[in-house]
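Trainee: mind folding the following:
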Amino acid sequence: MKTFFSLLVATLISCGLMAQTGTVTGTVVGSNGETLIAANVAAMPNLKGTTTDVNGKYTLELEPGVYTITASYIGFTEDTKEIKLTAGGTETL
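Mentor: Here you go, the predicted model:
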């Protein structure tokens, strides 16, 4: 019984922690309108980042807060947007 209770408490805590993030999603496109494969997308100030998939899409899971999201790709001008992310919220850029 003690093991079951410990497992239940651990599960509830981990579920609560998972709800403490928000999601930033989007698609990176070039000036010609075509999606950019393997473009870099970074969130400042925590330096968490990712790259886009074959469709130019990306997803970042971040703690709530204010972030500067930067997309960069060799040969293209860097693009930067500021967002405010809430717990459980989603921002699409």
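Trainee: could I get the contacting residues of Leu62?
Mentor: 21-24, 43, 46, 48, 85 (C-beta atoms under 8 Å, 6 or more residues apart in numbering). All C-beta spots, glycine's among them, are computed from the backbone N, C-alpha and C.
Trainee: now the buried members of those residues.
Mentor: 22, 24, 43, 85 (16 or more other C-beta atoms under 10 Å).
Trainee: Glu34: which of those is nearest?
Mentor: Glu34 lies nearest to Val24 out of the buried ones among the contacts of Leu62, by C-beta to C-beta, at 21.7 Å.
Trainee: contacts for the strand or helix carrying the closest one, please.
Mentor: Element membership for Val24, per DSSP states H and E: strand 22-27. For strand 22-27, contacts defined as C-beta under 8 Å, 6+ apart pick out 35, 41, 43, 52, 55-64, 67, 69, 83, 85-93.
Trainee: all strands for this structure, in order.
Mentor: Chain-ordered strands for the chain, with DSSP state E as the definition, fall at 22-27, 40-44, 48-51, 57-62, 65-72, 79-85, 90-92.
Trainee: so can I have JSON lines of those strands showing mean pLDDT?
Mentor: Below are the strands of the chain laid out as JSON lines (pLDDT from 0 to 100):
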{"stretch": "strand 22-27", "mean pLDDT": "96"}
{"stretch": "strand 40-44", "mean pLDDT": "97"}
{"stretch": "strand 48-51", "mean pLDDT": "96"}
{"stretch": "strand 57-62", "mean pLDDT": "97"}
{"stretch": "strand 65-72", "mean pLDDT": "96"}
{"stretch": "strand 79-85", "mean pLDDT": "96"}
{"stretch": "strand 90-92", "mean pLDDT": "95"}
